[in-house]
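Undergrad: requesting a structural model of the entry that follows:
(4 chains)
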2 protein chains.
Amino acid sequence: MTSTTSPASTPSTLGFAILAVLARGNRTGYDLAAAMRRPVGYFWTARHSQIHAELQKLRAAELVAYESEHGPGPQDKKVYHLTPEGRRALREWVTEPPRERPERDELVLKAYASWLAEPGMVRRMFAEQLAAHEERLAEYERHEASFGGPPALGDPRFGNYATLLCGLGYERHRIEWCRWMLSRLGEDA
Amino acid sequence: MTSTTSPASTPSTLGFAILAVLARGNRTGYDLAAAMRRPVGYFWTARHSQIHAELQKLRAAELVAYESEHGPGPQDKKVYHLTPEGRRALREWVTEPPRERPERDELVLKAYASWLAEPGMVRRMFAEQLAAHEERLAEYERHEASFGGPPALGDPRFGNYATLLCGLGYERHRIEWCRWMLSRLGEDA
DNA sequence: TACGTCATGTAACTTGTTACATGATTAG
DNA sequence: CTAATCATGTAACAAGTTACATGACGTA
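TA: Numbering: from 1, shown residues only, chains lettered A, B, ... in the order given. Purely as a prediction, here's the structure:
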């Protein structure tokens, strides 16, 4: 009786992203896809096709389970929840050092090659980027104002606040760098 | 005589990364792989397997060409250079707005889920990350000191300096954020 | 003798994107 | 009547990683 117990290799980072959303409340695949756009989507995104596939893997590993409710559409709707093992796996994963992924930043790559283009054209492109970052910063600042300071550690909202603060810092850094590029690209007179 | 002229769709971002390195001088695939580790690798990386494959596509699109020199090893060594079309394609690409890629940041995801882990353990992990960022910042600062201020616009070294400055700003932002996390995670007494 | 560097490539796999496919309910 | 939202999935593809495979030359 060589029972084929699943090898259950550790989930991908996407798997943990899903677990992290599910830790805040039960969701359907559809809800998860929506959550992975905003605000979680600011640091991890996925399309619904990828999410449904990953949910099947997580279920095979018994980290999530679902309850069916009928409708709407041809298939049943599946409301997923964390299993106790799922919660434990997530807890453990949080404190493990993140695996480094190589930076891949197209704007920086363009800056690297900017010496051979027309400064005026490069400038226009960076001005657009600056505007986009300023807009996003304003959005984050509005969001931050809606928090009355940082929530307590054990509160799920602490997670939201921490990520928001990171986004805020990132946009400020980007804005500063874009402005530096613009100042170098002339026409600051 | 339906001559199958290649469709020559625009290269991937990796393709342009290769063109950007090649614009600074002729290289073999091996040299490119080395360059894509450091310092270009700070904002775009690729393994040699991917680079060789991409070079073949770029050659099919006639954006690069090579000259063979014999040895070492079983195959000839191929020294690649930009074609005039390759240089033009790169120039045009530089000033086009970068296509947004979704942020995927594992450390921020961990922060998002940090509310359900033990603060002490989370703290240890963030302290490690802080140290890593401080080390990298120091490295960048040494590198910056070796420039005597920003090079002129038309100088290839302008590209290096611009990317370095972005890296500097990024590391400072990360350090600040890690310190904020640590301050929240207690034990600041 | 063994290891590191130079140099090329292929194959299998994982991750992520885009497009296809279905269908009920509700708001305009 | 039409479009958006809710809800599930598959298939084809592009991008990226890891491992395999070869082999000369120089150094320890």
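
Undergrad: I'd guessed A:Cys166 sits against B:Val108; true?
TA: Yes. Applying CB atoms under 8 Å, one finds A:Cys166 in contact with B:Val108, separated by 5.3 Å. Where you see a C-beta, it was placed from the backbone N, CA and C, and this is true even at glycine.

Undergrad: mutual contacts of these two, please.
TA: Counting by CB atoms under 8 Å, 6 or more residues apart in numbering or on different chains, the shared contacts of A:Cys166 and B:Val108 are A:Phe43.

Undergrad: how about the residues of chain A near DNA strand C?
TA: Residues of chain A lying close to DNA strand C (CB under 7 Å from any atom of the strand) are A:Ser12, A:Thr13, A:Leu14, A:Thr45, A:Ala46, A:Arg47, A:Ser49, A:Gln50, A:Gly71, A:Pro72, A:Gly73, A:Pro74.

Undergrad: okay if I get those residues as JSON lines plus pLDDT?
TA: Formatted as JSON lines, these follow (pLDDT from 0 to 100):
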{"residue": "A:Ser12", "pLDDT": "97"}
{"residue": "A:Thr13", "pLDDT": "97"}
{"residue": "A:Leu14", "pLDDT": "98"}
{"residue": "A:Thr45", "pLDDT": "96"}
{"residue": "A:Ala46", "pLDDT": "96"}
{"residue": "A:Arg47", "pLDDT": "96"}
{"residue": "A:Ser49", "pLDDT": "97"}
{"residue": "A:Gln50", "pLDDT": "97"}
{"residue": "A:Gly71", "pLDDT": "71"}
{"residue": "A:Pro72", "pLDDT": "70"}
{"residue": "A:Gly73", "pLDDT": "68"}
{"residue": "A:Pro74", "pLDDT": "73"}
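
Undergrad: can you select the buried ones from these in PyMOL?
TA: Command for PyMOL that selects the buried part of those, burial taken from 16 or more other CB atoms under 10 Å in any protein chain shown:
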select buried, chain A and resi 13+14+45+46
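
Undergrad: helices of chain A, residue ranges please.
TA: A:13-22, A:29-35, A:48-60, A:84-94, A:106-113, A:119-146, A:156-184 (DSSP state H).

Undergrad: how big is the angle separating the third one from helix A:84-94?
TA: I take that to be helix A:48-60. Per axes from the mean of the first three to the mean of the last three CA atoms, to 10 degrees, the angle that helix A:48-60 makes with helix A:84-94 is 110 degrees.

Undergrad: and for the fifth one?
TA: Calculated by the same axes, to 10 degrees, helix A:106-113 forms an angle of 30 degrees with helix A:84-94.

Undergrad: touching DNA strand D at all, helix A:106-113?
TA: No. Figure legend: helix A:106-113 not in contact with DNA strand D (CB under 7 Å from any atom of the strand); closest approach 9.7 Å.

Undergrad: was I right about A:Trp115 contacting B:Gly154?
TA: Yes. Judged on CB under 8 Å, A:Trp115 makes contact with B:Gly154 at a distance of 5.9 Å.

Undergrad: the two: which has the busier surroundings?
TA: It is A:Trp115, of A:Trp115 and B:Gly154, that has more neighbours when counted by other CB atoms under 10 Å in any protein chain shown, with 24 against 9.

Undergrad: quick one: contacts for that one?
TA: By CB under 8 Å, 6+ apart, the neighbours of A:Trp115 are B:Leu153, B:Gly154, B:Asp155, B:Pro156, B:Arg157, B:Phe158, B:Gly159.

Undergrad: which non-adjacent residue is nearest A:Ala111?
TA: B:Ala162 (4.3 Å; CB to CB, 6 or more residues apart in numbering or on different chains).

Undergrad: my guess is the one you found contacts A:Cys178. True?
TA: No. B:Ala162 sits out of contact with A:Cys178 when judged by CB under 8 Å, with a separation of 10.8 Å.

Undergrad: still on that earlier bit, so which of the helices of chain A comes closest to A:Glu100?
TA: helix A:13-22 (11.8 Å; CB to CB).

Undergrad: check whether the closest one contacts DNA strand D.
TA: No. Counting by CB under 7 Å from any atom of the strand, DNA strand D has no neighbours in helix A:13-22; the shortest distance is 12.2 Å.

Undergrad: check whether that helix comes near chain B.
TA: Yes. Applying CB under 8 Å from any CB of the partner chain, one finds helix A:13-22 in contact with chain B at A:Thr13, A:Phe16, A:Ala17, A:Leu19, A:Ala20.
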